[in-house]
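1. What shape does this take:
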Amino acid sequence: VQLVESGGGMVQPGGSLRLSCAASGFTFSSYDMTWVRQAPGKGPEWVSSIKTGGDTYYVDSVKGRFTISRDNAKNTLYLQMNSLKPEDTALYYCARYRAGSYEYDYWGQGTQVTVSA
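-> Purely as a prediction, here's the structure:
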C-alpha cells in the first residue's frame with residue numbers, strides 16, 4: 001500500500017490549493033479515505049472523509065471552503081481548498097480507513113500547506 005500526497009505550497013490568505021493523493025497497492029474504490037492535518041506544535045486533526053459510496057464529511061472549521069472528492073478510475077483522492085486562512089497552515093496527510101473501522105491503517109508522507117501574507 002502506498003499513498004503519495006502532492007499539491008501543497010505557500011499561498012496568500014483567501015487563495016486556493018488542490019491537494020492530490022495517489023493511491024496504489026490496493027483496491028482504492030473499496031476503501032473509505034480521509035484527510036488529516038497537523039499544525040506546528042499541535043496534534044493531528046481530522047479534516048474530511050469520503051466513503052466508498054461518495055458520502056462526504058468535514059470538520060466544522062472547513063465546511064463551505066474545502067471539498068473532498070475521489071476519482072476511482074485514477075486511484076486518486078483530492079482536497080480542493082478555497083478561501084484559505086492562516087490557521088489552515090499544516091502538514092496535510094491522506095490516510096486509508098481500515099476496512100470496517102474508524103481507524104486509519106495507512107498514511108502518506110504528507111504535503112505542506114502554508115497560508116501567509
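2. Now the most centrally placed residue in the chain. Nearest residue, chain neighbours left out?
-> Against the mean C-alpha coordinate of the chain, by Cα atoms, centre = their mean, the closest residue is residue 35 at 2.8 Å. Among residues not flanking residue 35 along the chain, residue 47 sits closest, at 4.4 Å (Cβ to Cβ, 6 or more residues apart in numbering). Glycine gets a C-beta too; all of them are placed from N, C-alpha and C.
3. the bottom helix or strand of this structure by mean pLDDT?
-> Least confident helix or strand, the chain: strand 104-107 with a mean of 95, by mean pLDDT, DSSP states H and E.
4. Does anything pack onto it? Which helices or strands?
-> Other elements packing on strand 104-107 under the criterion 3 or more Cβ pairs under 8 Å, 6 or more residues apart in numbering; DSSP states H and E are strand 33-38, strand 90-97.
5. chain center to that strand, what's the gap?
-> Averaging C-alpha positions (Cα atoms, centre = their mean, to the nearest Å) puts strand 104-107 13 Å from its chain's average.
6. Convert that strand to PDB, retaining C-alpha atoms only.
-> Below are the C-alpha coordinates for strand 104-107, written out as PDB (Å, rounded to 0.1, in the frame of the first residue of the first chain):
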ATOM      1  CA  TYR A 104      -6.500   4.600   9.900                       C
ATOM      2  CA  ASP A 105      -4.200   1.900   8.800                       C
ATOM      3  CA  TYR A 106      -2.000   3.600   6.100                       C
ATOM      4  CA  TRP A 107      -0.800   7.200   5.800                       C
END
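7. Sheet partners, orientation included, of it?
-> Paired strands of strand 104-107, with direction, are strand 90-97 (antiparallel) (DSSP bridges).
8. got the contact list for the strand it pairs with?
-> For strand 90-97, contacts defined as Cβ atoms under 8 Å, 6 or more residues apart in numbering pick out 1, 3, 5, 8, 19, 21, 23, 26, 31-40, 44-45, 47, 49, 77, 79, 103-113.
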